[in-house]
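Visitor: Got a predicted structure here, sequence first:
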Amino acid sequence: MGSGVSTIAGFEALSPADQAEAQAQYEALVTDGASDETATTTIRAKFTASTVHIELPQLLDAIAAAVGRGKTPLVIDASDRVNTFFSYRQCTLLDGKKMAMDKSMRKVPVPAIMEEARTRLVGALKCGHPIVVAMSQCVVDFINTFNDATLPVDVTRNGTLAFFPSDLVCSNAGKGLLNHLDALYRPHDMKDTSNIPL
């Protein structure tokens with residue numbers, strides 16, 4: 001890292017404020033006598049993605065910590081305990097495995113699957129609930145299949161309509177969605193809100 005470096009290698013995706021904070025914390029560690037390597041390792045642990053092994057009672061705190069750092073948590077659990085846990089919470093569950101199975105086994109067109117996902121996403125936004133994408137033992141392709149960028153332009157009306165913008169959903173805990181409500185909401189989604197996307 002070294003003094004005088006404006007950004008920490010690999011930290012370009014952080015907001016300018018987080019980059020400045022990381023740099024300040026790094027410089028403080030070095031000033032206090034930490035080696036460059038130790039300071040860099042410490043800062044990377046604070047500001048980058050990490051794997052945290054926790055027990056179920058610690059789940060909400062771990063999620064809050066990740067969201068507080070601008071991350072979108074990925075919770076991996078081979079059992080159904082986490083899915084059961086979230087089924088009793090105020091959140092919106094999106095069945096990612098169902099999305100994949102609808103496409104591959106039931107041959108449901110991707111735009112129809114994406115519309116169902118959009119409806120769940122809008123419901124979560126309107127209620128102020130987190131959205132939980134439950135994938136079970138399935139790897140759902142949110143890059144090449146279930147992503148607005150892969151939909152035909154006639155479906156998205158040249159990008160003016162959004163369905164499930166996975167790049168926004170999966171970064172910064174979905175906070176970027178708030179800048180795209182007009183594209184996500186349809187007129188029938190706003191009937192109960194005086195045509196204002198809430």
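Guide: Arrived safely. This one's a predicted model, so the numbers in the text were calculated from it and none came from an experiment.

Visitor: What ranges in this structure fall below the confidence cut-off?
Guide: 1-10, 12-13, 49, 194-196, 198 (pLDDT under 70).

Visitor: Show the secondary-structure elements that the longest helix anywhere in the chain is packed against.
Guide: If you go by DSSP state H, the chain has its longest helix at helix 110-127. The elements that helix 110-127 packs onto, with contact taken as 3 or more Cβ pairs under 8 Å, 6 or more residues apart in numbering; DSSP states H and E, are strand 92-95, helix 96-104, strand 131-134, helix 181-184. In this view, the C-beta of every residue, glycine as well, is placed from N, C-alpha and C.

Visitor: Turn the ones you listed into CSV, columns for mean neighbour count.
Guide: Below are the helices and strands packed on helix 110-127 laid out as CSV (neighbours: other Cβ atoms under 10 Å):
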stretch, mean neighbour count
strand 92-95, 20
helix 96-104, 18
strand 131-134, 20
helix 181-184, 17
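
Visitor: Relative to Ala173, which of these is closest?
Guide: strand 131-134 (10.1 Å; Cβ to Cβ).

Visitor: how does the chain divide up, domain by domain?
Guide: Domain ranges of the chain: 1-48, 56-193, per automatic domain parsing.

Visitor: rewinding a little: of all the helices and strands packed on helix 110-127, which one is nearest Ile76?
Guide: strand 131-134 (11.7 Å).

Visitor: which outside residues touch the closest one?
Guide: 83, 86, 91-97, 120-121, 124, 140, 169, 174 (Cβ atoms under 8 Å, 6 or more residues apart in numbering).

Visitor: among the residues you listed, which two are most distant?
Guide: Lys97 and Gly174 (19.9 Å).

Visitor: ok now stretch 21-35, how far from the chain's centre?
Guide: Stretch 21-35 sits 30 Å away from the centroid of its parent chain (Cα atoms, centre = their mean, to the nearest Å).

Visitor: Which positions within it qualify as buried?
Guide: 22-23, 26, 29-30 (16 or more other Cβ atoms under 10 Å).

Visitor: export the helices and strands packed on helix 110-127 to a markdown table and tack on distance to Ala34?
Guide: Output for these, formatted as a markdown table (distance: least, Cβ to Cβ, whole Å):
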| stretch | distance to Ala34 |
| --- | --- |
| strand 92-95 | 43 |
| helix 96-104 | 42 |
| strand 131-134 | 39 |
| helix 181-184 | 44 |
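
Visitor: Quick check: chain neighbours aside, which residue is closest to the residue nearest the centre of the chain?
Guide: The residue lying closest to the centre of the chain (Cα atoms, centre = their mean) is Cys170, at 2.6 Å. In space, and not counting its chain neighbours, Cys170 is closest to Thr72: 5.1 Å by Cβ to Cβ, 6 or more residues apart in numbering.

Visitor: Could you measure from that neighbour over to Leu59?
Guide: Per Cβ to Cβ, to the nearest Å, Thr72 is found 15 Å from Leu59.
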